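Participant: dropping a prediction and its sequence here:
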Amino acid sequence: MRRLGEDLKLIARPFTYIAPESGKAVEPLLSQLRKYLPDLVGRSPMVEAAGLRYEELLTDDPALKEKILDSFSLYGSGEYVLDRAARLVEAGVDHLCFRHPLSDELVGGVRTVSERIPHYLREI
């Protein structure tokens, strides 16, 4: 008899934004998070697990913005996104799904994800 949980997989679906410099990713990504998080995550336990309250999802407080970005997204240079993705896999994520917007340059963002990330993650 199979036990509940044996076949369960841990899936992470962080919003992803790859930019030459991390700072250039912040505002475009934060704009997307403000648009989607209240409806997608809402008043779920995910917000509380991140140490946030639902009302803070639309905040202008710089410290809370950073916490929101770090809790629900991967962003910055390709190398930084790779490192953070690897940490998720090392923590036990079985399936990693990179969500939009990926990058201002869509083709470049897709190439980073498709060419570099799978190879990088196979190495860990």
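Facilitator: Alright, I've got the coordinates. Computed from a predicted structure; not experimentally measured.

Participant: low-confidence ranges, this protein, go.
Facilitator: The model of the chain has pLDDT under 70 over residues 1-6, 121, 123-124.

Participant: one more time with 80, if that's ok
Facilitator: Along the chain, the parts satisfying pLDDT under 80 run over 1-7, 21-22, 42, 100-102, 104, 112-113, 116-124.

Participant: give me the helices and strands touching the longest helix seen in it, please.
Facilitator: Ranked by residue count and defined by DSSP state H, the top helix of the chain is helix 22-40. Applying 3 or more Cβ pairs under 8 Å, 6 or more residues apart in numbering; DSSP states H and E, one finds that helix 22-40 contacts strand 15-18, helix 62-72, strand 73-76, strand 99-102. Any C-beta I mention is one placed from the backbone N, CA and C, and that applies to glycine too.

Participant: which parts of the second one are buried?
Facilitator: Right, the one you point to is helix 62-72. Of the residues in helix 62-72, 64-65, 67-69, 71-72 count as buried by neighbour count, 16 or more other Cβ atoms under 10 Å.

Participant: tabulate the CA atom coordinates of it in PDB.
Facilitator: Extracted as PDB, the C-alpha positions of helix 62-72 are listed here (Å, rounded to 0.1, in the frame of the first residue of the first chain):
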ATOM      1  CA  PRO A  62      11.400  49.500   0.800                       C
ATOM      2  CA  ALA A  63      12.100  46.800   3.300                       C
ATOM      3  CA  LEU A  64       8.700  45.100   2.600                       C
ATOM      4  CA  LYS A  65       9.200  45.400  -1.200                       C
ATOM      5  CA  GLU A  66      12.500  43.500  -0.800                       C
ATOM      6  CA  LYS A  67      10.800  40.900   1.400                       C
ATOM      7  CA  ILE A  68       8.000  40.400  -1.200                       C
ATOM      8  CA  LEU A  69      10.500  40.100  -4.100                       C
ATOM      9  CA  ASP A  70      12.700  37.700  -2.200                       C
ATOM     10  CA  SER A  71       9.700  35.600  -1.100                       C
ATOM     11  CA  PHE A  72       7.900  35.200  -4.400                       C
END
